[in-house]
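# generate coordinates for the sequence data below:
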Amino acid sequence: MSSLNQFKPLVDFLTDLPRALASLTPWQDAGVAAGVIALIPVLKLTKSFIRWYLSPLKDLRGPETANSWLWGHMAKIQASPGGIIFDEWTAKYGTTIQFRALLQTRRLLTIDPRAIAYIVNHTGDYPRPYDFRQGLARIVGHGLLSVGGDDHRRQRRIMNPCFGPAQIRGLMPIFYEKAYRLKSVWLDAVEESGSVIDILVGMNRATLDIIGSAGFSYEFDSLLFGEKNELIRSFMDIFDPANRDKLRAELRAVDNERPSMDELNALPYLDAVIRETLRLNAVVESTTRVAEKDDVIPVSEPFVDHHGVVRNEIRIGKGETVLIPIMTLNRHPSIWGEDGGEFKPERWLTANKGTNELPSVFAGLMTFLGGPHGCIGYRFAVMEMKVLTFVLLRCFAFELSDPTLVFEKKPGIVTRPVLKQPDGSYKNSMVLRLTPVD
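Numbers count the residues shown, from 1 in each chain. The predicted structure is shown next:
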């Protein structure tokens, strides 16, 4: 960090110079002004090069060969389904590594639990990237997802009481009403047009109706009248034949068609299946934070850097980006054991339940993140999933309509299931065969 500090005056000068040059007054010689202003991109590149050359991340291990000088490893990351490439890199280079992004800038990637907790809990020092927050604000407004600092704390303080256990308990009638309406819609569809149904459509509409009624006291009634909406809840693992019969038996043993929140939470295998589904099906595969200052990040265990030196901390420079690989943290062998990539609800019925070091709001998972910016609606989402599973799995058996169909996960703002088409394109779809069960 000392080598970076000796260049700090130059970096600060280069940071302020473009603004000074851009403010040249009209009376100044136009030719000189144009020539100087033309140097601004060069000065910015010079500044970026100095930061790149002196970055403390340069000492970390990581993939050396980038596909593109311009894009770095970003194209390879985008082409890797479910963030598998992060699993490969951490297996090869260790828990704390660096990789290249735009114009070969270095980014930090770590799965060290203590480091992740430090970054996630120090939101003022590690906010979401400014451009990302501004882009999100244009879509969803200046709410919890896009604001930071005092604005976020104020909004969070106002909204927290709306998502407590008592409030979610009061929403159970809405969850059941929409779940049973979806059940009726699917039963009618099976009777009228056969058992093969794109369940993604029904799930989207049920979720929209629940959000409308519970969040805004507005009835979209999309289950009755239809709605083209991209809201998504993936239940593929829940309907896997390996565990569905055991889960159905537990659900059908309940002598109540609308059990309370406490009664649902007391069903051990339902709870295990929901947790395991959320572990391996995080809606967001990864997230990023930007260091607001030169910093030293603590770690749980020492790691070896590019030079073979054992490190007990991570040094990062101001403006450098941290990538938090949510899916990798949710399945990494160092946290979940060698079977961390497999769907095994039974792990939640034994001692293998991950780690308490990760900053999680639910079950030690990073699916809902943690810290001051952890998902405020995680209780809502979990109970919604439990009610829908309780109602639907008691009524239907689910299986692939065609064993040759290829489903994949498509990342975006959120991750959605897609069906691969014969021409290689993808369609938002989850076509299954539904069979009513007695």
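# quick one: list the elements packing against the helix or strand residue 90 falls within.
Assigning secondary structure by DSSP states H and E places residue 90 in helix 84-93. On a contact count with 3 or more CB pairs under 8 Å, 6 or more residues apart in numbering; DSSP states H and E, helix 84-93 meets helix 74-78, strand 96-100, strand 106-110, helix 326-331. For glycine as for every other residue, the C-beta is placed from the backbone atoms N, C-alpha and C.
# so which bits of stretch 122-142 are buried?
122-123, 125-128, 136 (16 or more other CB atoms under 10 Å).
# how about the residues you listed in JSON lines, adding pLDDT?
Listed next are the buried residues of stretch 122-142 as JSON lines, based on pLDDT from 0 to 100:
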{"residue": "122", "pLDDT": "95"}
{"residue": "123", "pLDDT": "91"}
{"residue": "125", "pLDDT": "94"}
{"residue": "126", "pLDDT": "95"}
{"residue": "127", "pLDDT": "92"}
{"residue": "128", "pLDDT": "89"}
{"residue": "136", "pLDDT": "76"}
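# okay if I get these as TSV plus distance to residue 172?
Compiled in TSV, those are given as follows (distance: CB to CB, whole Å):
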residue	distance to residue 172
122	36
123	32
125	39
126	37
127	36
128	33
136	31
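# mark which of these are part of helices, please.
residue 136 (DSSP state H).
# quick one: closest of the helices and strands packed on helix 84-93 to residue 301.
strand 96-100 (9.6 Å; CB to CB).
# and the angle for the closest one with helix 84-93?
Computed with axes from the mean of the first three to the mean of the last three CA atoms, to 10 degrees, the direction of strand 96-100 lies at 120 degrees from that of helix 84-93.
# got the contact list for strand 96-100?
Residues from elsewhere that reach strand 96-100 (CB atoms under 8 Å, 6 or more residues apart in numbering): 57-58, 60-63, 66, 72-73, 77, 89-90, 106-112, 115, 299, 303, 311, 314, 323.
# could you flag which of those are buried?
57, 60-63, 66, 72-73, 77, 89-90, 106-112, 115, 299, 303, 311, 314, 323.
# sorry, back to before: roughly how far is the helix holding residue 90 from the heart of the chain?
With CA atoms, centre = their mean, to the nearest Å as the basis, helix 84-93 stands 18 Å off its chain's centre.
# mind listing what's buried along that helix?
Buried residues in helix 84-93 (16+ other CB under 10 Å): 85-87, 89-90, 93.
# contacts for that helix?
61-63, 76-77, 80, 97, 99, 109, 111, 286, 323, 325, 327-328, 331-332, 341.
# got the CA coordinates for stretch 302-313 in CSV?
C-alpha atoms of stretch 302-313 as CSV (Å, rounded to 0.1, in the frame of the first residue of the first chain):
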residue,chain,number,x,y,z
PRO,A,302,-4.2,-17.4,5.9
PHE,A,303,-3.8,-17.7,2.1
VAL,A,304,-0.9,-17.9,-0.2
ASP,A,305,-0.3,-15.1,-2.7
HIS,A,306,1.1,-15.1,-6.2
HIS,A,307,4.7,-15.0,-4.9
GLY,A,308,4.2,-17.9,-2.5
VAL,A,309,4.0,-15.6,0.5
VAL,A,310,1.5,-16.5,3.3
ARG,A,311,-1.0,-13.6,3.8
ASN,A,312,-3.1,-12.9,6.9
GLU,A,313,-5.2,-10.1,5.4
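# would you mind measuring from residue 103 to residue 66?
Distance, residue 103 to residue 66, by CB to CB, to the nearest Å: 10 Å.
# what's the overlap in contacts for the two?
Both residue 103 and residue 66 are contacted by residue 72, under the criterion CB under 8 Å, 6+ apart.
# and stretch 256-264, end to end?
11 Å (CA to CA, to the nearest Å).
# residue 219 belongs to a strand, doesn't it?
No. Under DSSP: H, G, I helix; E, B strand; the rest coil, residue 219 sits outside any strand and is assigned coil.
# quick one: it and residue 211 touch, right?
No. Here residue 219 lies out of contact with residue 211, judged by CB atoms under 8 Å, at a distance of 11.3 Å.
# circling back: could the buried residues of helix 84-93 be laid out in a markdown table, adding distance to residue 251?
As requested, the buried residues of helix 84-93 are exported to a markdown table (distance: CB to CB, whole Å):
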| residue | distance to residue 251 |
| --- | --- |
| 85 | 38 |
| 86 | 35 |
| 87 | 33 |
| 89 | 40 |
| 90 | 37 |
| 93 | 44 |
